[in-house]
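Student: need a structure here:
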Amino acid sequence: MAIRVTLNVMLAERNVKAKELAEYVGITETNLSLLKQGKVKGLRFDTLEKICEYLQCQPGDLLRHEPDAEE
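Tutor: Coordinates of the predicted model:
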């Protein structure tokens with residue numbers, strides 16, 4: 001996948017526990033963990049908005065495009 005999720009980095013920089021963020025956003029810790037690992041196929045904009053709101057960041061702080069070597 002060419003989109004890399006850097007949520008772990010932002011959580012560490014903000015000293016926020018995944019459990020706190022999951023509760024605020026309204027998703028399970030399991031789903032947040034899958035998101036952090038980049039194992040989700042999609043992300044709702046309202047979920048992304050709540051994550052950014054809680055972490056006081058921009059979507060680009062959480063997602064990065066890394067082209068595959070084949071491209």
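Student: Report the buried residues of the lengthiest helix in the chain.
Tutor: Identified as the longest helix of the chain according to DSSP state H is helix 45-55. Neighbour-count burial for helix 45-55 flags 47, 50-52, 55 (criterion: 16 or more other C-beta atoms under 10 Å). Using the backbone N, CA and C atoms, a C-beta is placed for each residue, glycine as well.
Student: can you redo those residues as TSV with distance to residue 61 and pLDDT?
Tutor: Compiled in TSV, these are given as follows (distance: C-beta to C-beta, whole Å; pLDDT from 0 to 100):
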residue	distance to residue 61	pLDDT
47	15	96
50	14	98
51	10	97
52	8	97
55	8	97
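Student: At which residues are the strands of the protein located?
Tutor: Under the criterion DSSP state E, the chain carries strands at the ranges 3-5, 63-65.
Student: which of these is buried the deepest?
Tutor: Most buried of the strands of the chain, by mean neighbour count (mean count of other C-beta atoms under 10 Å): strand 3-5, with a mean of 13.
Student: How far does that strand sit from its chain's centre?
Tutor: 9 Å (C-alpha atoms, centre = their mean, to the nearest Å).
Student: And for stretch 25-41?
Tutor: 8 Å.
Student: Look at it and report the distance between its end residues.
Tutor: Criterion C-alpha to C-alpha, to the nearest Å; first-to-last residue distance in stretch 25-41 is 18 Å.
Student: distance of residue 50 from residue 25?
Tutor: Residue 50 sits 4 Å away from residue 25, going by C-beta to C-beta, to the nearest Å.
Student: same thing with residue 68?
Tutor: Between residue 68 and residue 25 the computed distance is 29 Å (C-beta to C-beta).
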